[in-house]
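>>> with the input below, show me the fold.
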Amino acid sequence: MPYNWSITPSQAIFDAKSAGEPGLCLHLSSYNSLTETGFVRFISITSIMMIIPIFAFFGHAFLWIIAGTLGLTLWGVWRALKSSWYRGRVFEVLEVWSDYVELTRVNPNGSVQRWSASPYWTEINITKKDGPVRNYLTLRGSGKTVEIGSFLSEDERPILAQDLRDAFKLAVKSV
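Residues are numbered from 1 along each chain as shown. Sure, this is the predicted structure:
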């Protein structure tokens, strides 16, 4: 899964925020199956495969139409993959203390958004069908509702919701 806890929630030692480090830290990031090496290989192999049909048109005016079309197609694939990587640079960090929860989201453009609340008063809501996407996961506290794990799959969000409920119960119990 594209999220992981710093330690398992049952092993966490929760202190107040004023005491220092969070008892539990959750890192969420989008999953990208194509590595940089894989990208280079894909573009290289695709380029070679696109050049092969061009040999049949050497000496014909039609060569430039085919070459231009294949070049434009390759550029489009390149651009789409780079754009996907750019959007995939988003990540979130949820830090949990016994008396405080802070969610930090770093967007692809580098801007940072923060939300904080008390774990005791934080509601974890999952909207099965009526939200913008299936299993829409939100945190509500301090008068504000924020989405968490927007880049997770619809199957991963309910699992994360239950993990968050368990972690918040443990944090509140430790007070």
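
>>> need the phi and psi values for residue 96.
For residue 96, the backbone dihedrals (degrees, to the nearest 10) come out as phi -120, psi 120.

>>> repeat that for the one 3 residues further on.
Main-chain dihedrals, residue 99, degrees, to the nearest 10: phi -120, psi 10.

>>> so where does the residue of the chain most remote from its centre fall, helix or strand?
Farthest-out residue of the chain from its mean C-alpha position, per CA atoms, centre = their mean: residue 59, at 49.4 Å. When elements are defined using DSSP states H and E, residue 59 is found to belong to no helix and no strand.

>>> which pLDDT does the model give it?
The model reports residue 59 with a pLDDT of 87.

>>> sec struct for residue 25, please.
strand (DSSP: H, G, I helix; E, B strand; the rest coil).

>>> ok, and the closest non-adjacent residue to it?
Distances taken as CB to CB, 6 or more residues apart in numbering place residue 6 nearest to residue 25, at 3.9 Å, with adjacent residues excluded. (C-beta placed from N, C-alpha, C; glycine too.)

>>> and residue 170, by the same measure?
In space, and not counting its chain neighbours, residue 170 is closest to residue 9: 5.6 Å by CB to CB, 6+ apart.

>>> circling back: the residue nearest to residue 25: how many residues sit nearby?
Look at residue 6: counted by other CB atoms under 10 Å, it has 17 neighbours.

>>> ok, it - contacts?
24-27 (CB atoms under 8 Å, 6 or more residues apart in numbering).

>>> closest to residue 120 out of those?
residue 24 (15.1 Å; CB to CB).

>>> ok, back up a step: where does the residue nearest to residue 25 land on pLDDT?
Residue 6 carries a pLDDT value of 92.

>>> same check, this time on residue 175
For residue 175, the pLDDT comes out at 67.

>>> what does residue 20 give?
So, for residue 20, pLDDT stands at 84.

>>> roughly how far does it sit from residue 4?
Counting by CB to CB, to the nearest Å, the gap from residue 20 to residue 4 is 22 Å.

>>> ok, now residue 76?
Distance, residue 76 to residue 4, using CB to CB: 35 Å.

>>> cool, residue 140 as well?
24 Å.

>>> who's more crowded, these two?
Taking other CB under 10 Å, residue 140 and residue 4 do not tie; residue 140 has more neighbours (15 against 11).

>>> contacting residues for that one?
Counting by CB under 8 Å, 6+ apart, residue 140 has contacts 122-123, 125, 146.

>>> closest to residue 46 out of the residues you listed?
Nearest member of the contacts of residue 140 to residue 46, counting by CB to CB, is residue 146, at 40.0 Å.
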